[in-house]
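Participant: Have a look at this prediction, sequence included:
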Amino acid sequence: MSEQPRHDGNHHWPMLRSLRGWRISALPADLAAGLTLAAIAIPEQMATAKLGGFTPETGFFAFMAGSLGFALFGANRFLSCGADSTITPIFAGGLALLATSGTPEYGSLAAALALLVGVMLVLAGGFRLGGIANVLSVPVTVGFLAGIAVHIIVSQLPGVLGLPSPSGPTLARIATLAGELGKANAYTMLIGFGVLATITVCERISARIPGALIALAASTLFVVSAGSGVPVIGEIAGTVPMPSVPLIGPEQWAKLIPLAFLIAVVVMVQTSATTRSFPSDPDRSADVDRDFLGAGAGSLLAGLFGAFPVNASPPRTGIVVETGGRSQVAGLLAAAIVLLLVLFGARLLANVPEAALGGVLLFVALRIIRVAQITSVYRASKGEFLLILATAVAIVALPIEQGVALGIALSLLHGIWSTTRAHLIAFQRVPDTTIWWPAHPQIKGEDLSDIAVVGFQAPLSFLNAATFRADMQRLLRSRKPRLVVFEASAIVEIDFTAAQTLRDVIHICNETGIVFAVARLESLRAQEAFERFGLYDVLPRDRVFHSVDHALRKLRSSASDVHA
């Protein structure tokens with residue numbers, strides 16, 4: 001007897017997709033994961049809020065909003081959404097150009113930015129624009145994270161060293177800090193680097209150990225008992241604000257749109273990477289578009305509650321998976337614990353030293369520098385290693401939002417450059433088979449003197465149409481074949497310019513008596529392009545085949561007749 005589809009209580013609630021199929025038996029596992037997640041998130045969210053120039057409770061609101069929004073609308077059962085140190089330096093740098101950090105206007109602009117980012121993410125998810133997440137290549141992403149790490153380190157070192165925070169460009173701030181090292185405060189250094197060391201050791205032992213929370217508790221006890229006079233975060237408001245739309249002028253909304261777009265792209269990239277790294281169901285592809293909706297809902301809620309944009313967190317998501325979490329219930333439980341802390345335990349946080357939060361952020365910065373990937377790229381491709389360096393230098397040397405925009409541009413240019421490098425390649429028959437394979441010096445293949453089997457290893461577009469035409473003309477002049485079979489398995493798309501070029505090439509073949517055929521036109525989009533651009537007007541439909549071998553068996557005799 002076949003198994004009937006199982007219906008659960010959330011079947012009619014697509015917004016609760018990440019909770020679908022949840023059973024009370026999963027509560028112990030989700031409770032354990034939620035407790036661990038809260039222990040990791042509390043110091044991290046406080047530190048990230050400090051990085052952006054906000055009060056610690058603002059980071060808590062961002063975490064609660066991100067967790068609730070993603071649980072309602074996201075698809076991934078494990079993903080943790082909240083304040084994130086990757087995007088915070090970007091929007092903090094952009095907002096600092098519009099308002100002074102820590103002022104009410106600064107907070108209003110941050111909340112407005114969260115609303116704009118949320119709207120963009122919801123639109124991206126609704127229109128299924130998951131492909132946007134691929135605009136950053138791996139080398140650019142690695143360089144981007146390395147540059148962000150430098151910004152975090154430079155912004156937190158003054159607090160850890162007990163020095164005044166210098167102003168100006170990042171490179172100038174580094175030079176100023178280097179000249180002031182002799183005036184560093186021993187207490188703040190002990191606290192900051194002690195927190196860094198504690199988290200690092202705990203992380204090496206097990207990612208489940210809340211090293212940051214342990215270190216913050218120890219440093220707080222040290223400050224209270226020693227009376228060292230180091231700066232502490234001070235009193236935290238133990239209330240939750242009422243939801244509201246920030247009151248800023250139309251011109252300020254307009255100024256935030258470019259920054260919101262940059263943040264939205266980075267969030268899409270990180271959300272996509274996170275949900276694919278920790279899939280809910282390994283047998284199914286990740287629903288990236290639904291996860292964009294979840295992250296967008298989180299940012300919308302964050303904006304309504306006066307916080308800032310939120311993002312998916314790969315480390316926190318990994319914690320949920322490693323601790324046995326089964327669903328978004330783990331994230332909701334962690335958010336509930338944070339809410340209880342805000343309402344009833346705010347006084348416990350008043351004596352947390354700022355240097356301790358700096359130590360947490362130094363750990364985060366060092367962790368996001370992907371040394372192994374940088375080394376791997378250097379060994380495999382010196383050109384792409386230079387792309388890493390260029391992106392990192394741009395983000396460090398330029399205002400950060402301009403550096404991020406340049407990084408996205410470099411990634412797109414890298415993709416365009418790769419596409420323009422495509423050339424026509426010859427195919428050879430694998431001996432004693434009917435398989436035709438790209439020619440390679442180390443693979444013995446067979447050629448047919450009067451027949452050319454060629455392919456093009458990229459989509460045909462305006463970027464490479466001229467190269468395709470030149471390579472085909474060179475082939476026809478040098479080989480003078482009587483039959484050309486174009487192996488089109490790699491042609492996933494054809495645009496107008498490329499279609500006209502292909503049409504011209506077929507015309508040349510027809511006029512010179514060369515039989516032209518296409519094999520393995522597998523892409524549905526490419527097939528539609530053949531119809532849409534009228535390529536069948538010059539290429540008879542019976543010259544499009546499922547395989548090269550089939551084309552040769554059908555056309556060799558007719559090609560001989562043409563030349564005869």
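Facilitator: Nice, thanks for sending it over.

Participant: Output the residue ranges of the helices in the stretch 151-300 of the chain, listed in chain order.
Facilitator: Here the stretch 151-300 of the chain has its helices, by DSSP state H, counting those that start in this stretch, at 170-179, 186-205, 211-226, 250-277, 288-304.

Participant: what's the most buried one of the ones you listed?
Facilitator: helix 288-304 (a mean of 27; mean count of other Cβ atoms under 10 Å). Just so you know, the C-beta spots here come from the backbone N, C-alpha and C atoms, and that holds for glycine as well.

Participant: what angle separates that helix from helix 250-277?
Facilitator: Between helix 288-304 and helix 250-277, the angle comes out at 140 degrees (axes from the mean of the first three to the mean of the last three Cα atoms, to 10 degrees).

Participant: what are the pairing partners of whichever helix or strand comes after helix 288-304, and which direction each?
Facilitator: The C-terminal neighbour of helix 288-304 among helices and strands, as given by DSSP states H and E, is strand 311-312. Using DSSP bridges, strand 311-312 pairs in its sheet with strand 81-82 (antiparallel).

Participant: Show me what the helix or strand following the partner strand is packed against.
Facilitator: Counting by DSSP H and E, the element after strand 81-82 in chain order, helix or strand, is helix 88-96. Applying 3 or more Cβ pairs under 8 Å, 6 or more residues apart in numbering; DSSP states H and E, we find helix 88-96 packed against helix 27-52, helix 104-126, helix 138-161, helix 250-277, helix 400-420.

Participant: Distance to residue 167 added to these, as JSON lines?
Facilitator: Below are the helices and strands packed on helix 88-96 laid out as JSON lines (distance: least, Cβ to Cβ, whole Å):
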{"stretch": "helix 27-52", "distance to residue 167": "17"}
{"stretch": "helix 104-126", "distance to residue 167": "16"}
{"stretch": "helix 138-161", "distance to residue 167": "11"}
{"stretch": "helix 250-277", "distance to residue 167": "21"}
{"stretch": "helix 400-420", "distance to residue 167": "15"}
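
Participant: and of these, who's closest to residue 309?
Facilitator: Among the helices and strands packed on helix 88-96, the nearest to residue 309 by Cβ to Cβ is helix 104-126 (4.3 Å).

Participant: In PDB, could you pull the C-alpha coordinates for that closest one?
Facilitator: Extracted in PDB, the C-alpha atoms of helix 104-126 (Å, rounded to 0.1, in the frame of the first residue of the first chain):
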ATOM      1  CA  PRO A 104      18.500  59.800  17.400                       C
ATOM      2  CA  GLU A 105      18.800  60.800  13.700                       C
ATOM      3  CA  TYR A 106      21.400  58.100  13.200                       C
ATOM      4  CA  GLY A 107      19.100  55.500  14.800                       C
ATOM      5  CA  SER A 108      16.200  56.700  12.600                       C
ATOM      6  CA  LEU A 109      18.300  56.400   9.500                       C
ATOM      7  CA  ALA A 110      19.400  52.900  10.500                       C
ATOM      8  CA  ALA A 111      15.800  51.800  11.000                       C
ATOM      9  CA  ALA A 112      14.800  53.300   7.600                       C
ATOM     10  CA  LEU A 113      17.700  51.500   6.000                       C
ATOM     11  CA  ALA A 114      16.500  48.200   7.500                       C
ATOM     12  CA  LEU A 115      13.000  48.800   6.000                       C
ATOM     13  CA  LEU A 116      14.500  49.500   2.500                       C
ATOM     14  CA  VAL A 117      16.700  46.500   2.700                       C
ATOM     15  CA  GLY A 118      13.700  44.400   3.800                       C
ATOM     16  CA  VAL A 119      11.600  45.600   0.900                       C
ATOM     17  CA  MET A 120      14.400  44.800  -1.600                       C
ATOM     18  CA  LEU A 121      14.900  41.300  -0.200                       C
ATOM     19  CA  VAL A 122      11.200  40.600  -0.200                       C
ATOM     20  CA  LEU A 123      11.000  41.700  -3.800                       C
ATOM     21  CA  ALA A 124      14.000  39.600  -4.700                       C
ATOM     22  CA  GLY A 125      12.400  36.600  -3.100                       C
ATOM     23  CA  GLY A 126       9.000  37.300  -4.500                       C
END
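
Participant: model confidence over that helix, on average?
Facilitator: Summarised as a single mean, pLDDT over helix 104-126 is 97.

Participant: any idea how far residue 436 is from residue 443?
Facilitator: To residue 436, residue 443 is 12 Å away according to Cβ to Cβ, to the nearest Å.

Participant: again with residue 327
Facilitator: As judged by Cβ to Cβ, residue 327 and residue 436 stand 49 Å apart.

Participant: Ok, residue 125 next?
Facilitator: Going from residue 125 to residue 436 by Cβ to Cβ gives 42 Å.

Participant: In contact with the spatially most central residue of the chain, which residues?
Facilitator: Centroid-nearest residue in the chain, with Cα atoms, centre = their mean: residue 269, separated by 1.8 Å. Applying Cβ atoms under 8 Å, 6 or more residues apart in numbering to residue 269 gives the contacts 133, 135, 136, 141.

Participant: Over to residue 463?
Facilitator: Shown in contact with residue 463 (Cβ under 8 Å, 6+ apart): 416, 419, 420.

Participant: looking only at pLDDT, what's the mean for stretch 286-302?
Facilitator: pLDDT averaged over stretch 286-302 gives 96.

Participant: and that stretch, how far out from the chain's middle?
Facilitator: Here the centre of stretch 286-302 is set off from its chain's centre by 13 Å, with Cα atoms, centre = their mean, to the nearest Å.

Participant: Stretch 145-152 too?
Facilitator: Mean-position distance between stretch 145-152 and its chain equals 16 Å (Cα atoms, centre = their mean).

Participant: Now do that stretch, average pLDDT.
Facilitator: 94.

Participant: where do the contact lists of residue 443 and residue 436 overlap?
Facilitator: 428, 430.

Participant: More neighbours: which of the two?
Facilitator: More crowded of residue 443 and residue 436, by other Cβ atoms under 10 Å: residue 436, with 24 against 11.

Participant: quick one: the strands in the stretch 451-564 of the chain?
Facilitator: Along the stretch 451-564 of the chain, counting by DSSP state E, counting those that start in this stretch, strands occupy 451-456, 483-487, 515-519, 544-545.

Participant: Kindly format the C-alpha coordinates of stretch 361-378 as PDB.
Facilitator: Only the C-alpha atoms of stretch 361-378 are listed here, as PDB (Å, rounded to 0.1, in the frame of the first residue of the first chain):
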ATOM      1  CA  LEU A 361      34.700  41.400  17.600                       C
ATOM      2  CA  LEU A 362      38.500  40.800  17.200                       C
ATOM      3  CA  PHE A 363      37.700  37.100  17.300                       C
ATOM      4  CA  VAL A 364      34.900  37.500  14.700                       C
ATOM      5  CA  ALA A 365      37.200  39.600  12.400                       C
ATOM      6  CA  LEU A 366      40.000  37.000  12.600                       C
ATOM      7  CA  ARG A 367      37.600  34.200  11.900                       C
ATOM      8  CA  ILE A 368      36.100  35.700   8.700                       C
ATOM      9  CA  ILE A 369      39.600  36.000   7.100                       C
ATOM     10  CA  ARG A 370      39.600  32.800   5.100                       C
ATOM     11  CA  VAL A 371      43.300  32.000   5.100                       C
ATOM     12  CA  ALA A 372      42.900  28.500   3.700                       C
ATOM     13  CA  GLN A 373      40.900  29.800   0.700                       C
ATOM     14  CA  ILE A 374      43.300  32.600   0.100                       C
ATOM     15  CA  THR A 375      46.200  30.100   0.000                       C
ATOM     16  CA  SER A 376      44.200  27.700  -2.200                       C
ATOM     17  CA  VAL A 377      43.400  30.500  -4.700                       C
ATOM     18  CA  TYR A 378      47.000  31.600  -4.700                       C
END
